[in-house]
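Visitor: give the three-dimensional model of this entry:
(one chain, ligands or ions: 2)
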Amino acid sequence: MAIASNLGYPRIGANRELKRALEGYWRGNTSGADLRKVASDLRTQHWQMQQMAGIDHIPSNDQSLYDHVLDTVAMVGAVPDRYDWDDGTVDLDTYFAMARGVQDEDKDVSAMEMTKWFDTNYHYIVPEFKRNQNFQLSSTKVVKEYLEAKDLGIETRPVILGPVSFLLLGKTQNKEFNQLELLDDLLPVYTYILNRLEEKGAEWVQIDEPCLVTDLNEEALKSFHKSYTALDAATTDLNILLATYFGSMEENMETAFALPVDAVHLDLTRGLNQLEKALTRIPDPMSLSLGLIDGRNVWKADLSEQLDIAKNAVERLGKERIMIGPSSSLLYVPVDLEQETALDEELASWLAFAKQKLQEIDVLATAINDGEQAVEEALETNRQAIISRNQSDRIHRPTVKERVESVTPEMYQRNSEFAERRKQQREHLNLPDLPTTSIGSLPQTKDVRKMRAAFKRDEISKEEYESFLKEQIKEAIRFQEGIGMDVLVHGEFERSDMVEFFGEQMEGVAITSNSWVQSYGSRCVRPPIIYGDISRPEPMTVKWSEYAQSLTEKPVKGMVTGPVTILQWSFVRNDQPRWKTCNQIALAIRDEVNDLENAGIEIIQIDEPALREGLPLRQSDWEKYLDWSVDAFKLASSGVKDTTQIHTHMCYSEFNDIMEAIARMDADVLSVESSRSRMELLDVFKDFDYPNEIGPGVYDIHSPRIPETEEVSELIRKGLNVLSKDQIWINPDCGLKTRNWDEIKPSLEHLVEAADTVREELQNGEGP
Ligand code: GLN
Ligand code: ZN
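Guide: Ligands and ions are numbered 1, 2, ... in the order given. The predicted structure follows:
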């Protein structure tokens, strides 16, 4: 029989129960016992539901109180020294100290670094390894949770992050050694855990090695061989499913199939191209796990199409060697479509969230095992949904398609080259050297959030809400004028989120009410769903920018989110390539930018913080992605006059490897995050002559710290070592919405003072 399998279920709960419990615990309102109870209730609920849905291989240890990579850190005792851990079991407080840092009277310890998990919007805690790192079993969570399910009468397949991916995802200080050297010391902890699981009766274990879909060197490939040989030697009856996901294994497949494991999982949503090769190469009697249901997106699967794929595999290998499951864990999709209230029935009929995806898996497995007639009704309903989506005129809008088709090459280019534009902008805008500005948002205070919530609940009228926003804008403008900022912002008080705000106002995009996905820890996001051809019926931001500009003689910067970022932080339709959807968004943003210009806004920032994170996992795919994403930005930004100054902003990442692509975006001014990793960022400009203007952030907004004027001046001077004084802008490194006014008032004051100081030095010829 083919096995219905799941790789992981969302942890947070359909009503974000775990989020509430976690935040309660951190605030001191919820006890550790209560927190554990909420988590275990969720586990019970999830296991029972999967059992009822007909899943044969149900995952355990997929739940986590913060992050599964951090769980692995705890499992192997790789707790960094600064947490003063006593080598025993990693307790809750040590665990959360690693996740979030601790700051109280007698302790001030920073959190471990967090970064994006492959190309998802989920963040993991980055393991930190030191030379001669010692590993020891320090958490038996995986065994405990296996037994917890067993007590409920449910046999599960524990999931653990594989040793090679675990090491590769970590970092060593200053890259001082290669972390794969630690493998020999790490493996005993893994073999011990597998032994315990086997002893407790586990039949299968799922070991995730997502790094197998990335570019790997010879040494990494050898590490796989070494690891799985050791794990195999240590176990007798325990079967290992080696799970790969988020792409195709390509040249790494030989390595995977040569390992002594019992099954290999393939992502066939993103890596269907690897199936044929896998069917030919897979050694007998290894099983193949088919990742047919998309774990990264919200669309219903085309079940008859997926069934054909499964049937082909069954014909070649036999039912006994086939598992049917999602492409990856279902962590990346919302929990349950039934809980969503903001979507209309038709749109909802095209979607499947985690719970619905379990049913899809069951239908496919049943069709294979018992014949299609056994699930005839489900297949027919699915067919209808697929047809309805294919043909809907909510999705296919000829005017939008025609407009994208008729885009001409000139539309991707500003009228003049940067040098010419710069001359015109200098005359026109009359800014000093080292102009000061901020990135857009100002503190989203309790008041701002309260008023927005009240407005959304219809408790206050639109007039009341808007006049409140205008007050906020007025104060913000007064403040910025008061401290002598050169280019002002309106503050983005009207936005809850930089993507949702635009999604709400564009056609072809749906906003959800309860479709939360974990971003990190207790943080969840509600990505918009891009379901159809996109247009912008009306201006989205003009009213606010125009109002702000009416209050001051200084230029106010218009503020829009760029097409790549809107794409990247949404669930995107899967019936056309992403670049096509991106171009449609780009045209909508272009209209907005042009309208801002027509309303008298002379500086417009198009934020693209997500450009870097959209990079494909394989370097060979980078160029294509960078081509279309840079083009989308240019399409959005090139409809304006030479005198209009286009800014862009990027953050959260290293840009060194894509600096050339960023330069091709040809924004007049680029602001980037750099105050924390300032040296690294500035290093790029030694080798790469960035042609346009640039503001390397000189105030780290991620920390509550208020920088002293002299600190900021020093950073500016450092910047001037590699950038010219006609080129450099002075700004914080990101938006200020998460900070409060008490922090940003002195900080921005110091920033302006620092700019003044260095300007003076330059005038006196004292500059670097
Ligand atoms: N303009 C946005 C803001 O200031 C940019 C946010 C971001 O970079 N993520 O909030
Ligand atoms: Zn930013």
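Visitor: whichever residue of the stretch 401-550 of the chain sits closest to ligand 2: how many residues sit nearby?
Guide: Closest contact between the stretch 401-550 of the chain and ligand 2, by C-beta to the ion, is at Ile439 (5.8 Å). No exception for glycine: its C-beta is placed from N, CA and C like everyone else's. Here the number of neighbours of Ile439 (other C-beta atoms under 10 Å) works out to 28.
Visitor: Ser165 and ligand 2, how far apart?
Guide: Separation of Ser165 from ligand 2 (C-beta to the ion, to the nearest Å) stands at 29 Å.
Visitor: surely that residue touches Thr214?
Guide: No: in this structure, Ser165 is not within contact of Thr214 by C-beta atoms under 8 Å, at 9.3 Å.
Visitor: next up, phi/psi of the residue of the stretch 401-550 of the chain closest to ligand 2, please.
Guide: Torsion angles at Ile439 (phi, psi; degrees, to the nearest 10) stand at phi -90, psi -10.
Visitor: nearest spatial neighbour of it, chain-adjacent residues omitted?
Guide: In this structure, Ile439 finds its nearest non-sequential neighbour in Gly735, 4.6 Å apart by C-beta to C-beta, 6 or more residues apart in numbering.
Visitor: local confidence estimate at that neighbour?
Guide: For Gly735, the model assigns a pLDDT of 95.
Visitor: up against ligand 2, what does the chain have?
Guide: Applying C-beta under 5 Å from the ion, we find that the chain lies next to ligand 2 at Pro609, Cys651, Cys734.
Visitor: with neighbour count, distance to Trp516 and secondary structure added, can I get the residues you listed in JSON lines?
Guide: Shown next, in JSON lines, are those (neighbours: other C-beta atoms under 10 Å; distance: C-beta to C-beta, whole Å; DSSP: H, G, I helix; E, B strand; the rest coil):
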{"residue": "Pro609", "neighbour count": "24", "distance to Trp516": "21", "secondary structure": "coil"}
{"residue": "Cys651", "neighbour count": "21", "distance to Trp516": "23", "secondary structure": "coil"}
{"residue": "Cys734", "neighbour count": "27", "distance to Trp516": "23", "secondary structure": "coil"}
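Visitor: sorry, back to before: in three-state terms, label the residue nearest to Ile439 for me.
Guide: coil (DSSP: H, G, I helix; E, B strand; the rest coil).
Visitor: i'd like the first residue to be 281 from this point on
Guide: Let's use 281 as the start, then, which means that last one is Gly1015.
Visitor: show me the contacts for it.
Guide: Residues counted as contacts of Gly1015 (C-beta atoms under 8 Å, 6 or more residues apart in numbering) are Ser718, Ile719, Gly720, Ser721, Glu772, Met778, Ile981.
Visitor: now the residue nearest the centre of the chain, what's its secondary structure?
Guide: Geometric centre of the chain, nearest residue: Asn401, 1.7 Å, by C-alpha atoms, centre = their mean. Classification of Asn401 using three-state DSSP returns coil.
Visitor: using the three-state scheme, assign the closest residue to it other than its chain neighbours.
Guide: Among residues not flanking Asn401 along the chain, Ser799 sits closest, at 6.0 Å (C-beta to C-beta, 6+ apart). The three-state label given to Ser799 by three-state DSSP is strand.
Visitor: now for Ser799, how many residues are close by?
Guide: Applying other C-beta under 10 Å, we find 17 residues neighbouring Ser799.
Visitor: average pLDDT across whichever strand or helix holds Leu587?
Guide: Using DSSP states H and E, Leu587 falls within helix 583-597. Mean pLDDT, helix 583-597: 98.
Visitor: what's the first helix or strand after it?
Guide: Following helix 583-597 toward the C-terminus (DSSP H and E): strand 602-606.
Visitor: export that following strand as PDB, just CAs?
Guide: The C-alpha coordinates for strand 602-606 follow below in PDB (Å, rounded to 0.1, in the frame of the first residue of the first chain):
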ATOM      1  CA  ILE A 602       5.500   5.000  -2.600                       C
ATOM      2  CA  MET A 603       4.600   7.600  -0.100                       C
ATOM      3  CA  ILE A 604       2.400  10.500  -0.900                       C
ATOM      4  CA  GLY A 605       2.700  13.800   1.000                       C
ATOM      5  CA  PRO A 606       3.100  17.600   0.900                       C
END
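Visitor: for it, which strands pair with it and how are they oriented?
Guide: Partners of strand 602-606 in the sheet, by DSSP bridges, are strand 283-284 (parallel), strand 567-573 (parallel).
Visitor: quick one: mean pLDDT over it.
Guide: Across strand 602-606, pLDDT averages out at 98.
Visitor: before we move on, what about stretch 778-794?
Guide: Mean predicted lDDT for stretch 778-794 stands at 97.
Visitor: run the chain-centre distance for that stretch.
Guide: 17 Å (C-alpha atoms, centre = their mean, to the nearest Å).
Visitor: hey, which helix or strand in the protein has the poorest pLDDT?
Guide: Least confident element among the helices and strands of the chain, by mean pLDDT, DSSP states H and E: helix 958-967 (a mean of 73).
Visitor: show the backbone phi and psi for Gln416.
Guide: Torsion angles, degrees, to the nearest 10, at Gln416: phi -150, psi 150.
Visitor: correct me, but it touches Met355?
Guide: No: Gln416 sits out of contact with Met355 when judged by C-beta under 8 Å, with a separation of 9.9 Å.
Visitor: contacts for stretch 685-700 next, please.
Guide: Residues outside stretch 685-700 that contact it (C-beta under 8 Å, 6+ apart): 701, 704, 863, 867, 870, 911, 914-915, 917-922, 926, 946, 948, 971-972.
Visitor: quick one: buried ones out of the residues you listed?
Guide: 701, 704, 863, 867, 870, 911, 914-915, 917-920, 922, 926, 946, 948, 972 (16 or more other C-beta atoms under 10 Å).
Visitor: can you confirm Val789 is in a strand?
Guide: Yes: assessed by three-state DSSP, Val789 belongs to a strand.
Visitor: is it true that it touches Ile809?
Guide: Yes: using C-beta under 8 Å, Val789 makes contact with Ile809 at a distance of 7.0 Å.
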